[in-house]
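[1] Dropping a prediction and its sequence here:
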Amino acid sequence: LAKTTQPISMDSYEGQEVNITCSHNNIATNDYITWYQQFPSQGPRFIIQGYKTKVTNEVASLFIPADRKSSTLSLPRVSLSDTAVYYCLVGDLDSNYQLIWGAGTKLIIKP
Amino acid sequence: DAGVIQSPRHEVTEMGQEVTLRCKPISGHDYLFWYRQTMMRGLELLIYFNNNVPIDDSGMPEDRFSAKMPNASFSTLKIQPSEPRDSAVYFCASSLDLGQGKSSYNEQFFGPGTRLTVL
């Protein structure tokens, strides 16, 4: 199972773009990259998933370079409500349920 | 859909007592997962089911823990006897089956969790 490394915490301000980078040096060919968001006292919530290049949805963008050894979650124009823990996960979609959830990145948005 | 439903939301019990946590997955989902989250160990997968059949229980800490899924709309996680170190938030999650083309993303939908305190 691929192990991921991401910053323990980050601070930013309302209206800014926030980029959280995740390192996954031993990602396998069949592995996808998935990001979840967790608010206090709630379960994690799926944000975005991708395999290569760029993926964008209504919430975020995911940038994956050609070597796929890292990925960057981009949150445009954050607000206070984006304060949460963000998890980067890597795994084969066929066996993706055996995921290793690290400590995640605690993002704090300030006014 | 109401999402994944878990009960109770909070449980306080004494060491040695039996604890039963309950989960109702999203209707139509093929997979059900039980997780445990603590500050020390983060989020850990305990067990998951596919079409009501346990597939991988390697994350279950010990024989005191057991999980069942008698039908597609209900699952339980039981701890007997409970110990203080079992105190944690227990999450249930469900997802669609990617293999049958039901979903493009391996997205797990989590319930609100049950906060268990064993005194």
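    Thanks, I have the structure now.
[2] ok and the residue in chain B nearest chain A?
    B:Phe110 (2.7 Å; C-beta to the nearest C-beta). To be clear about C-beta, it is placed using only N, CA and C from the backbone, and glycine gets the same treatment.
[3] Which residue, neighbours along the chain excluded, lies closest to that residue?
    A:Gly43 (2.7 Å; C-beta to C-beta, 6 or more residues apart in numbering or on different chains).
[4] dump the residue contacts of that neighbour.
    Neighbour list for A:Gly43: B:4, B:91, B:93, B:110-113 [criterion: C-beta atoms under 8 Å, 6 or more residues apart in numbering or on different chains].
[5] Kindly reformat those as a markdown table and extend each row with secondary structure.
    Listed next are the contacts of A:Gly43 as a markdown table, based on DSSP: H, G, I helix; E, B strand; the rest coil:
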| residue | secondary structure |
| --- | --- |
| B:Val4 | coil |
| B:Phe91 | strand |
| B:Ala93 | strand |
| B:Phe110 | strand |
| B:Gly111 | coil |
| B:Pro112 | coil |
| B:Gly113 | coil |
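[6] Among those, pick out the one closest to B:Ile26, please.
    B:Val4 (5.9 Å; C-beta to C-beta).
[7] Report how many residues lie close to the closest one.
    The number of residues packed near B:Val4 is 23, by other C-beta atoms under 10 Å in any protein chain shown.
[8] got the contact list for the one helix or strand in chain A whose mean pLDDT sits lowest?
    When the helices and strands of chain A are scored by mean pLDDT, DSSP states H and E, strand A:84-92 comes last with a mean of 90. Under the contact criterion C-beta under 8 Å, 6+ apart, strand A:84-92 has outside partners A:1-2, A:4, A:6, A:20, A:22, A:24, A:27-28, A:30-40, A:44, A:47, A:71, A:73, A:97-102, A:104-107, B:43, B:106.
[9] Repeat that for stretch B:40-59.
    Contacts of stretch B:40-59 (C-beta under 8 Å, 6+ apart): A:44, A:87, A:97-99, A:101-104, B:30-37, B:60-61, B:65, B:67, B:69-72, B:75, B:77, B:91, B:97.
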